[in-house]
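1. Sequence plus predicted model, see below.
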Amino acid sequence: MSEIKKVGLIVGREWSFPPAFIEEVNSREVGVFAEYVKLGGTLANEPCDYAVIIDRISHEIPYYRTFLKNAMLQGTYLINNPFWWSADDKFFGTSLAQALGVAVPKTVALPSHSYIEGVVNESLRNLEYPIDWDKLIAYVGLPAILKDAWGGGWKHVYVVHTKEELLYHYNQTGTLCMMLQEFIDWDQFVRCLCVGQENILPIRYNPKERRYYVDHEYLSPELGKRIVDDARTLNRALGYDMNSIEFAVRNGIPYAIDFTNPAPDMDINSLTPHYFEWAVKSMADLAISRAHNPIPQREEMGWSRFLS
């Protein structure tokens, strides 16, 4: 009898996706068993008996991220790669997307408003002061979006219409590294759910209402193809097997405005039952495939060449 492959799930307070995913995997009876990962302390270089772990919360629980990096060392396939997830930021992603030929809004990274205790003026000698706000606004335009370069979940995101509004919100951001981004006055808005880098589901989305719509005629074939192609380009470059990517379409051009979301919303109430079913089945397909046909993920890391 062949060995049963284990798939572990690390989750937060979400209630609909985790049990549905576990039930879907286990009901198929294909030699893969899914369960919640249980942790109570991890030994250095401790073996990990999971073939695959799906991570949906380590960005908020540092111990989980530490455990996952050790799990990759042991050969576990991680969705998503914790080393890249720890390193990515929205400003680099925007620069990378532009270099790859994906349309993005004009974007500027900003010095932090404040600094941690112990940082003195001499430590900031490389910074120009004061910031030339007029120059930056002239480049980006108004209205604009002020948002955390390392953020997610709509935290610390502000639409600013004037220089005064920009300065007011910037002055509240503390030690965060913020970025100022061109506001795309969109005609259509799409959020893509991405599974396994290649499997892309574009969904009509209204960011003002934070609501998905089941609308299969929303995109023309040409626009739909470009959005899917751009989403695949971004996922391949970032290495994310689980992601959501937002496109704001203006004058027929899809601008990628948010695409580093390694723990995307998969709640049934937001996705709608129609798209929720797709997400559960697609994630089960991916986990089972990776368990039976492991991809050498850790070989992407520089330290892997020193391992026997």
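-> Ah, there it is. Numbering: from 1, shown residues only.
2. thought residue 115 was touching residue 124?
-> Yes. In terms of Cβ atoms under 8 Å, residue 115 counts as a neighbour of residue 124; the distance is 7.4 Å. C-beta coordinates here come from the backbone N, C-alpha and C atoms, glycine included.
3. where do the contact lists of the two overlap?
-> Contact criterion Cβ atoms under 8 Å, 6 or more residues apart in numbering; residues shared by residue 115 and residue 124: none found.
4. List the buried residues of the helix-or-strand element of the chain with minimal mean pLDDT.
-> Comparing every helix and strand of the chain by mean pLDDT, DSSP states H and E singles out helix 82-87 as the least confident one, with a mean of 91. Along helix 82-87, the positions that meet the burial threshold by neighbour count (16 or more other Cβ atoms under 10 Å) are 82-85.
5. name the helices or strands packed onto that helix?
-> Counting contacts by 3 or more Cβ pairs under 8 Å, 6 or more residues apart in numbering; DSSP states H and E, helix 82-87 is packed against helix 62-73.
6. buried sites along the helix it packs on?
-> When neighbours are counted by 16+ other Cβ under 10 Å, the buried residues of helix 62-73 are found to be 64-65, 67-73.
7. any chance of the residues you listed in TSV, plus pLDDT and distance to residue 94?
-> Shown next, in TSV, are the buried residues of helix 62-73 (pLDDT from 0 to 100; distance: Cβ to Cβ, whole Å):
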residue	pLDDT	distance to residue 94
64	98	27
65	97	24
67	98	30
68	98	26
69	97	26
70	97	31
71	97	30
72	96	27
73	96	31
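8. low-scoring pLDDT stretches of the stretch 151-300 of the chain, where are they?
-> Across the stretch 151-300 of the chain, no stretch falls below the confidence threshold (pLDDT under 70).
9. Okay, strands next: where are they in it?
-> All strands of the stretch 151-300 of the chain, identified by DSSP state E, counting those that start in this stretch, fall at 157-160, 178-182, 188-195, 199-206, 211-213, 242-250, 253-258.
10. Residue 36: which of those is closest?
-> Comparing these by their distance to residue 36 (Cβ to Cβ), the top pick is strand 242-250, with 16.9 Å.
11. Specify the beta-bridge partners of residue 245.
-> According to DSSP bridges, the residues that bridge with residue 245 are residue 192.
12. same question, residue 180
-> Beta-bridge pairing for residue 180 (DSSP bridges): residue 108, residue 146.
13. which residues sit in contact with it?
-> Listed by Cβ under 8 Å, 6+ apart, the contact partners of residue 180 are 107-108, 110, 136, 140, 144-146, 166.
14. swap in residue 297?
-> When contacts are counted by Cβ under 8 Å, 6+ apart, residue 297 touches 72, 77-78, 81.
15. now swap in residue 292 and tell me
-> With Cβ under 8 Å, 6+ apart as the criterion, the residues that contact residue 292 are 5, 30-32.
16. now the helices for the protein?
-> Along the chain, counting by DSSP state H, helices occupy 17-27, 62-73, 82-87, 90-99, 133-140, 163-170, 221-238, 268-292.
17. Which strands or helices does the fifth one pack on?
-> So the one you mean is helix 133-140. strand 107-109, helix 163-170, strand 178-182.
18. Which of these has the highest mean neighbour count?
-> For the helices and strands packed on helix 133-140, the largest average neighbour count (mean count of other Cβ atoms under 10 Å) is found in strand 178-182, namely a mean of 23.
19. Walk me through the domains of this structure.
-> Residue ranges of the domains in the chain are recorded as 5-86+287-306, 106-182, 185-261, according to automatic domain parsing.
20. is it possible to export these to CSV including distance to residue 270?
-> As requested, the domains of the chain are exported to CSV (distance: least, Cβ to Cβ, whole Å):
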stretch, distance to residue 270
domain 5-86+287-306, 9
domain 106-182, 12
domain 185-261, 6
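21. And the contacts of residue 297, which of them are buried?
-> The neighbour-count test (16+ other Cβ under 10 Å) marks 72, 77-78, 81 as buried among the contacts of residue 297.
22. Among those, which pair sits farthest apart?
-> That would be 77 and 81, which, of the buried ones among the contacts of residue 297, are the farthest apart (Cβ to Cβ) at 9.3 Å.
23. was I right about residue 139 contacting residue 132?
-> No. Using Cβ under 8 Å as the test, residue 139 is too far from residue 132 to be in contact (10.2 Å).
24. So for those two, which sits in the more crowded spot?
-> Neighbour count, other Cβ atoms under 10 Å: between residue 139 and residue 132, residue 139 has more, with 13 against 10.
25. just to revisit the earlier point, wait, which of the strands of the stretch 151-300 of the chain is closest to residue 300?
-> Evaluated with Cβ to Cβ, the strands of the stretch 151-300 of the chain place strand 242-250 nearest to residue 300, the distance being 16.7 Å.
26. for the closest one, packing partners?
-> Contacting strand 242-250 under the criterion 3+ Cβ pairs under 8 Å, 6+ apart are the following elements: strand 188-195, helix 221-238, strand 253-258.
27. Fine, thanks again, bye for now.
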